[in-house]
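K.L.:
Give me coordinates for this.
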Amino acid sequence: MVDKSKVIAILLAYNSKNTIKEFYENLPKHLFDEILLFDDSSQDGTFEISKFLGIKSYRNRVNLGYGGNLKKALAVAVSKNADIIVDIHPDNEYKPDAIPHALKLVEKGIELVLGNRFYKANYISNKSGMFKWKIIPIVLLNYISRILLRIKVNDLHQGFRVYSKSLLEKINFEKNSSDYLFSFELISQAVFTKSKIAEVPVKTQYKGDKRGAKLKSSIIYTVGTFKTLLLFLLAKSGFEVTIFKNPNEKLIKRAKNILKA
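P.N.:
Numbers count the residues shown, from 1 in each chain. Presented below is the predicted three-dimensional model:
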């Protein structure tokens, strides 16, 4: 499928000037038909460095938030007829080793591939650089999410994902939040539509000032996660919930509407 389908990498960037060069050098560029960077109105020259490196780059005039930037990135990739979209961040927290394995899974019919930081006992606490105070809350949040969604995936709150076109055709991703909650909403939508989901081991290297979300952001995200789970259960019970409604327009038209907004 990698040879026959169009594979596009989307790089969501915000103040990534210190990491983007090393990230891009290590990215397996031969796996992609196109590599697109989406700069969310950074103030540190990220956009200029990206262009200097030769990356096709887009810059938001105002900060759209993580989810808003991802909506735009998915819309642009769809408008370029992507069959597979690899979402990996240029802050260099996630190593690109997982990409070939993820693409092979999509080749076998998987519609959403997630990274798994917990693929080895004590991996996070010993090697990844994650803040120690985040480990137990993330493990608990993953456990609760996994039980309520009834999904056999170990890490539902991380930043490496691969989307298939067939998944995006079935879900209302444009109705999702404009913050970090976007990704968990998308996973919940994938479960709701009975899409095929799998995970791959992914190595992380959290360091410096960008070692994941800070405490306040983590609390807000956690509250949002429980809200999404409640909406998911309501939708499963027959209630009409906007983000879980079937799209009423074709994917390409929905993508164009996002880009017009």
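K.L.:
count of residues packed around the closest residue to residue 53 other than its chain neighbours?
P.N.:
Spatial nearest neighbour of residue 53, excluding adjacent residues (Cβ to Cβ, 6 or more residues apart in numbering): residue 24 at 5.4 Å. Every residue, glycine included, has its C-beta placed from N, CA and C. If you count neighbours by other Cβ atoms under 10 Å, residue 24 ends up with 19.
K.L.:
residue contacts, residue 247?
P.N.:
Going by Cβ atoms under 8 Å, 6 or more residues apart in numbering, residue 247 touches 169, 170, 171, 172, 254.
K.L.:
repeat that with 10 Å
P.N.:
168, 169, 170, 171, 172, 173, 174, 175, 253, 254 (Cβ atoms under 10 Å, 6 or more residues apart in numbering).
K.L.:
What's the separation between it and residue 168?
P.N.:
Distance of residue 247 to residue 168, given as Cβ to Cβ, to the nearest Å: 9 Å.
K.L.:
what touches both of these two?
P.N.:
Counting by Cβ under 10 Å, 6+ apart, the contacts common to residue 247 and residue 168 are 174, 254.
K.L.:
on that earlier part again, SS state for the residue nearest to residue 53?
P.N.:
The three-state label given to residue 24 by DSSP: H, G, I helix; E, B strand; the rest coil is helix.
K.L.:
my guess is it meets residue 11, correct?
P.N.:
Yes - with contact defined as Cβ atoms under 10 Å, residue 24 counts as touching residue 11 (8.3 Å).
K.L.:
what's the overlap in contacts for those two?
P.N.:
35, 37, 50, 55, 90.
K.L.:
next SSE after the helix or strand containing the second one?
P.N.:
Think residue 37. Using DSSP states H and E, residue 37 sits in strand 34-39. Toward the C-terminus, strand 34-39 is succeeded by helix 46-52 as the next helix or strand (DSSP H and E).
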